[in-house]
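Enquirer: Turn this into a model:
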Amino acid sequence: MKKFIYTLVVFVFLSSVAFGQTTAIPDANFEQALIDLGYDSGSPNGIVNTANINSITYLNIINKNISDLSGIEDFQSLESLFCDNNQLSGLDLTNLNNLQILYCSNNSISNILLPNNSQFFYDLEIKYNNLTSLDLSNMGSLIYLDCSYNNISSLDLSNNLNLEEVGATSNQINQIILNSNIEELEIDQNPFSQINLSQCTNLKELYLGNINLTSLDLSNNFKLEELDIQIAPLSILDLSSNYDLVRCDLNEILINELDLSNLVNLEEIYLNDCQNLVCLNIKNGTNVINNLELEVEGTPNLQCINVDNVNYANGNWSSQVDPQIVFDTNCNFPVNCLTSSIQENFLENKFLLKVTDMLGRETKPKPGGLYIYIYSDGTIDRKMEME
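Expert: Numbers count the residues shown, from 1 in each chain. Predicted coordinates for the structure are as follows:
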């Protein structure tokens, strides 16, 4: 009997301790948000029962005028945290080892400590804050990152081997270290004068705008599908290796020639205010079958564009190019302008109807494949696309 009573007393004592444990929530607006969500009751008094919050997996406290998230360390089960549009200046999430998703844009955060155990953390959006640095060296599971509109001066992503999408627009980045798995990179409005993309062999989308680049090497980015470069002192751009390119958008850059004759997957070309442009070759054999979209404006020195089919070009693009521009299958460009590609492409006045694999199925060529090219004059070529 005495043993039973002792056991009962111990149980009651431990239960009271467990259910009586509290977490300090010094920010009244944070506590009010928890009250509104049903995790606390009454009026803010600076504490909340820990048992009410330690099993929460999802917390949305957007736009609650919160300046301090102290107490968040006891949300031990939290997987998703959305705290955008508040007044936060710092964020310590080191104890939230189950955290997977963090959105905390539009605050005043100058310091952030991410979870110590990073095996689950994969989604980070921290735009429009005051960060000067961002340590992601332990975030090996990270897949998506957007740290745009901060004051970050350098970014090392070499350890983030699962990272696929990166946004870092409008920072103070002078150096960025990338990795081979990144598929989308948007890094406009930064002061760097060079960028190494050679290791980004899986890159599919690249956005560069308002940058100081004078040169750009894309020769190793074979999977690139979308290229957007806006306002840059870039004088040379070689896209001959970017076989998968579908969309090319260039605005206010200093190139004087552009050869796209090797890019049979192109569907959209936009060239605006490229005032030094003299030579443009888009005769790739697929202008018609790809229903190519073309816009060329603000190019006063460009007189002629090499195309597959003049009639098609006049009927579809005349209103979308500068008035002095004419279309031809063999433009009389200045000497030494696109010479090698013109000689190769103008041996015959014909255009490509379609490309098939060796089984006759229509397809788009990729490096390393063997394909059949069927032309408008009835001729057929079998070609191996080179790596």
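Enquirer: Return the distance of the closest residue to Ser141 other than its chain neighbours relative to Gln100.
Expert: Ranked by CB to CB, 6 or more residues apart in numbering and with sequence neighbours excluded, the top spatial neighbour of Ser141 is Tyr122, at 5.1 Å. Quick note: C-beta positions are derived from backbone N, CA and C, even for glycine. As judged by CB to CB, to the nearest Å, Tyr122 and Gln100 stand 6 Å apart.
Enquirer: swap in Lys366?
Expert: Taking CB to CB, one finds Lys366 at 35 Å from Gln100.
Enquirer: quick one, which of these two is more surrounded?
Expert: Taking neighbours as other CB atoms under 10 Å, Lys366 and Gln100 compare with Gln100 leading, 17 against 14.
Enquirer: ends of stretch 216-234, how far apart?
Expert: End-to-end distance for stretch 216-234, by CA to CA, to the nearest Å: 8 Å.
Enquirer: oh, I was asking about stretch 229-237
Expert: First-to-last residue span, stretch 229-237, CA to CA: 11 Å.
Enquirer: quick one: contacts of stretch 43-51?
Expert: Contacts of stretch 43-51 with the rest of the structure, by CB atoms under 8 Å, 6 or more residues apart in numbering, involve 18-26, 28, 31-32, 34-35, 39-40, 71, 74.
Enquirer: Equivalent analysis for stretch 154-167, please.
Expert: Under CB under 8 Å, 6+ apart, the answer for stretch 154-167 is 122, 127, 133-134, 136-148, 168, 171, 173-187.
Enquirer: of these, buried ones?
Expert: Neighbour counting by 16 or more other CB atoms under 10 Å classes 122, 127, 134, 136, 138-139, 141-142, 144-148, 168, 171, 173, 176, 178-179, 181-187 among these as buried.
Enquirer: Not counting residues beside it along the chain, what's closest to Glu28?
Expert: One correction, residue 28 is Ala, not Glu. Excluding the flanking residues, the one nearest Ala28 by CB to CB, 6+ apart is Pro44, at 4.3 Å.
Enquirer: On the pLDDT front, check that neighbour for me.
Expert: Note on Pro44: pLDDT of 94.
Enquirer: what number of residues lie near it?
Expert: Pro44: 18 neighbours (other CB under 10 Å).
Enquirer: State the distance from it to Ile143.
Expert: 37 Å.
Enquirer: Could you identify the helix or strand that succeeds the helix or strand harbouring Leu258?
Expert: Assigned by DSSP states H and E, Leu258 belongs to strand 257-259. Sequence-wise, the next helix or strand downstream of strand 257-259 (DSSP H and E) is strand 268-272.
Enquirer: Which strands and helices lie in contact with the very next helix or strand once past that next one?
Expert: Per DSSP H and E, the first helix or strand lying C-terminal to strand 268-272 is strand 279-281. Other elements packing on strand 279-281 under the criterion 3 or more CB pairs under 8 Å, 6 or more residues apart in numbering; DSSP states H and E are strand 257-259, strand 304-306, helix 339-345.
Enquirer: any idea of the mean pLDDT in strand 279-281?
Expert: The average of the pLDDT scores along strand 279-281 is 96.
Enquirer: Partner strands of that strand, with direction?
Expert: strand 257-259 (parallel), strand 304-306 (parallel) (DSSP bridges).
Enquirer: Check what contacts the last one and list those residues.
Expert: Residues external to strand 304-306 that are found in contact with it (CB under 8 Å, 6+ apart): 261, 280-283, 296, 313, 321, 325-333, 338, 342, 345-346.
Enquirer: now swap in the first one and tell me
Expert: Contacts of strand 257-259 from elsewhere in the structure, counted by CB under 8 Å, 6+ apart, are 237, 239-240, 250, 271, 277-281, 337-338, 341.
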